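Participant: what follows is a predicted protein model with its sequence.
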Amino acid sequence: MQALKRHPASGTRTARPASRRPCVRVCAAVNVEQLTALRQELFSYINSRGCNPIIVRLGWHDSGTYNKDIAEWPARGGANGSIRFKPEIDHGANKGLAIALGILGPIKKRYPDVSHADLYQMASAVAVEAAGGPKIPMRYGRKDATSPDQCSPDGNLPGAAHPFADGSADAAEHLRRVFYRMGLNDQDIVVLSGGHTLGRARPERSGFGEVSTKYTAVGPGTSSASPSGAPDRPVTPKPVGQLGQSWTVNWLEFDNSYFKEIKEKRDADLLVLETDAVLFEDAKFRPYAEKYATDQAAFFADYATSHQKLSELGVEWEEGGPVSI
């Protein structure tokens, strides 16, 4: 039996040649070694850039196109990496996400056996955890869409306020139409909305929010994105030259501040859109929103569950998948 040595680029093994026989690369469909190394790199890199919000948004928007009523893959949409292609990346709801693709592109080249779909979903989950949020029980081995003609149609992602493109009469109806189409429920709607504890709305991208507020630079007088001082929270450098209006004071800290702020509406410099306010106005949404405003542990536990569900919408697994690392 031939001895095996590790391939330096991919982490897979090649047979050591005897005499002049060529090396034959043996490649598993799901490369766990590359996935493990990628996760470690992403954790450090995302924090060093303070790019957590846009990376989370990329993963959500790749998976959020899913239509449970379409059986065929990749026509059903979901987490298949199609967001990297035109025309999908140019859809109105994806404005600005080419920046996220540019951030992750050079990293992807170092892990050729990892699919784009796995990269985007892993990066999104890592960005939440690195910002002080829960560790999400992710699984990997997603197949990639391979061409632009496999992109999802425009209009599948949720809007923020009236008038809604799908003709919904109000924010509650709109959110339910979009998330029910994905096979998600009212609890998923509310807890995933809590992801807006990260980031800001940019008027030049979404048409919502102010150009700048007193919180745009991660809160008045703060020098990092970790004002909580949590000992296990990595310190992210304070972003420079930021724009937009945030839902929370410390918009690079993942906690339950979103629910507290949209309930109280205490500060005009913090954003509250129609699809935010409705979480406390709708009778079926309200119990979840109230719980998360007072119980961060419950929010973290439920968020981790719903984020994993979102990350697996529409997925077609490679042979050997899914795997956990």
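Facilitator: In hand now; what should we look at? Owing to the predicted nature of the structure, the values given are computational and were not obtained by experimental measurement. Numbering: from 1, shown residues only.

Participant: element containing the residue most central in space within the chain, please.
Facilitator: Central residue check for the chain by CA atoms, centre = their mean: the C-alpha nearest the mean position is that of Val56, 2.8 Å away. Val56 belongs to helix 52-63 when assigned by DSSP states H and E.

Participant: pull out the buried positions in that helix.
Facilitator: Residues of helix 52-63 classed as buried under the neighbour-count rule (16 or more other CB atoms under 10 Å) are 52-63. C-beta coordinates here come from the backbone N, C-alpha and C atoms, glycine included.

Participant: closest to Ile107 among the residues you listed?
Facilitator: Each of the buried residues of helix 52-63 was checked against Ile107 using CB to CB; the closest is Ile55, at 11.0 Å.

Participant: ok, the closest one - contacts?
Facilitator: If you count contacts by CB atoms under 8 Å, 6 or more residues apart in numbering, Ile55 has them with 46, 100, 103-104, 123-124, 126-127.

Participant: pLDDT wise, what is the residue nearest to the centre of the chain at?
Facilitator: pLDDT, the model's per-residue confidence, is 97 for Val56.

Participant: test my guess that it contacts Gln121.
Facilitator: No - with contact taken as CB atoms under 8 Å, Val56 and Gln121 are classed as non-touching, separated by 10.5 Å.

Participant: and Arg181, how many residues sit next to it?
Facilitator: As a burial measure, the neighbour count of Arg181 was computed by other CB atoms under 10 Å and equals 18.

Participant: how about the nearest residue to it, chain neighbours excluded?
Facilitator: Asn67 (5.7 Å; CB to CB, 6 or more residues apart in numbering).

Participant: what sits against that neighbour?
Facilitator: 76-77, 156, 181-182, 314.

Participant: quick one: Thr294 from Ala283, how far?
Facilitator: 18 Å (CB to CB, to the nearest Å).

Participant: I misspoke; the intended subject was Leu310.
Facilitator: Going from Leu310 to Ala283 by CB to CB gives 24 Å.

Participant: neighbour-wise, which of the two wins?
Facilitator: Legend: neighbour count by other CB under 10 Å for Leu310 and Ala283, higher for Leu310 (26 against 7).

Participant: what helix or strand does that one sit in?
Facilitator: helix 296-311.

Participant: touching that helix from outside, list them.
Facilitator: Contacting residues not belonging to helix 296-311 are listed as 59-60, 63-64, 79, 121, 124-125, 128, 133-139, 182, 184, 187-188, 191-192, 194-195, 255-256, 259, 288, 291-292 [CB under 8 Å, 6+ apart].

Participant: just the buried residues out of those, in PyMOL syntax.
Facilitator: The following PyMOL selection, which keeps only the buried ones among these, applies the criterion 16+ other CB under 10 Å:
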select buried, resi 59+60+63+64+79+121+124+125+128+133+134+136+138+139+182+184+187+188+191+192+194+195+255+256+259+288+291+292
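
Participant: so which of the contacts of helix 296-311 are in strands?
Facilitator: Mapping those onto strands (DSSP state E) picks out no residues; all lie outside.

Participant: related to what we said a few turns ago, now pLDDT and distance to Lys143 too, for the contacts of Ile55, in CSV please.
Facilitator: As requested, the contacts of Ile55 are arranged in CSV below (pLDDT from 0 to 100; distance: CB to CB, whole Å):
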residue, pLDDT, distance to Lys143
Ile46, 89, 24
Ala100, 96, 21
Ile103, 96, 23
Leu104, 97, 18
Ala123, 98, 18
Ser124, 98, 18
Val126, 96, 21
Ala127, 95, 23
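
Participant: hang on, the earlier thing: where's the helix holding Val56 relative to the chain centroid, distance-wise?
Facilitator: Taking the mean of its C-alpha atoms, helix 52-63 sits 3 Å from the chain's own mean (CA atoms, centre = their mean, to the nearest Å).

Participant: between that helix and helix 296-311, how big is the angle?
Facilitator: 40 degrees (axes from the mean of the first three to the mean of the last three CA atoms, to 10 degrees).

Participant: ok, Ala93 - contacts?
Facilitator: Contact criterion CB under 8 Å, 6+ apart gives 61, 154, 157-159 as the residues in contact with Ala93.

Participant: and for Ile46, the neighbour number?
Facilitator: Ile46 is surrounded by 27 other residues when neighbours are defined as other CB under 10 Å.

Participant: pretty sure it contacts Glu129?
Facilitator: No - applying CB under 8 Å, one finds Ile46 not in contact with Glu129, separated by 9.6 Å.

Participant: distance of Asn67 from Glu88?
Facilitator: Between Asn67 and Glu88 the distance is 14 Å, computed by CB to CB.

Participant: again, but for Phe208
Facilitator: Note on Phe208: its distance to Glu88, by CB to CB, is 21 Å.

Participant: kindly report the same for Leu35.
Facilitator: As judged by CB to CB, Leu35 and Glu88 stand 24 Å apart.

Participant: where do the helices sit along the protein?
Facilitator: Using DSSP state H, the helices found in the chain span residues 32-49, 52-63, 98-109, 116-130, 171-181, 186-193, 203-206, 257-264, 274-281, 286-294, 296-311.
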